[in-house]
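**Q** Okay, sequence plus prediction incoming.
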Amino acid sequence: MVKNATFVKSYADPALVPKDGLPQVAMLGRSNAGKSSLINSITGVDGLAKTSAAPGRTRLINVFNIDKQYELVDLPGYGYAKASKNERDRLLDLLSGFLSSAVRLKLVVVILDSRLGATTVDNEVIEQVQRSGLPLLLVANKADKPSRMELRQIIQSIERTYPNVPVVAHSTVSGDGRGLLLDAFTTAIRKD
C-alpha cells in the first residue's frame, strides 16, 4: 500500500535527471496503453499522472516520489500513430537516452494493452530494454477489457515470446494486479 506519492519534477532531457538519489522504477508503454491510469491506480492518487482522452500526451520524463523509498519515472508513450516521424524519433531517442544513462534504475515496467498483447513497436522496446540488461516486468494492462479466456490467451502468448520475463495482469477498474506490482517494485528496489 502506497501511503504518500508526490510529483517531483519533469525533465525534457534524460541527461538532466539526477544521477544520485532514491532507486527508480521506470514506467513505459505504447501511447494509449493506459500508463498514466496505471500509475494513478497503483499509487492510489487520482490525477498524480495526468490522463487524457487523446493518447501521446506525456512528452516529458515525469518523476514521482513513492513513500520516500523510491521514484516512479513516467516516460513518454511510444508508438503514437498520429505523431509525426520526427516526434516519434524524438520520443524513442529520449527513451533510449534515459535507459542508457539511468544509474539508479532498478526495474523497467513495460505496459501493454491486454486487448492487443505485444505489438511490433512493443517488441522493439522490450528487446531494447533486454539488450540494456535492466530488470524487466511486463504488465497486461486494461485486464478488465477482454474476456477471461482472451486475457489468458494474450498472457500465454506474451509468456511464450518472453519466457524469462514476469507478466502481471492489471485493471484500474478492479484493482487486480495492483498488489503484485507494488510487491515487484519493492523487491526490485531492495536488490543490490
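**A** Received it, and whenever you're ready, just let me know what you need.

**Q** Parallel or antiparallel, which strands does the host helix or strand of Ala26 pair with?
**A** In the assignment (DSSP states H and E), Ala26 maps to strand 24-29. According to DSSP bridges, strand 24-29 forms sheet pairs with strand 70-74 (parallel), strand 105-113 (parallel).

**Q** Distance from the chain centre to the helix or strand just after the shortest one, please.
**A** Downstream of strand 70-74, the first helix or strand assigned by DSSP H and E is helix 85-101. Between the centre of helix 85-101 and the centre of its chain there are 15 Å (Cα atoms, centre = their mean, to the nearest Å).

**Q** swap in stretch 63-83?
**A** 6 Å.

**Q** One more: stretch 4-24?
**A** The answer for stretch 4-24 is 15 Å, by Cα atoms, centre = their mean.

**Q** Pretty sure Val139 sits against His170.
**A** Yes - shown here, Val139 and His170 form a contact pair, counting by Cβ atoms under 8 Å, at 5.2 Å. C-beta here means a position set from N, CA and C on the backbone, and glycine is covered the same way.

**Q** the more surrounded of the two?
**A** Val139 (28 against 25; other Cβ atoms under 10 Å).

**Q** hey, what's the residue lying closest to that one once chain neighbours are set aside bridged with?
**A** Spatial nearest neighbour of Val139, chain neighbours left out: Ile111 (4.8 Å); criterion: Cβ to Cβ, 6 or more residues apart in numbering. Assessed by DSSP bridges, Ile111 has beta-bridge partners Gly29, Val139.
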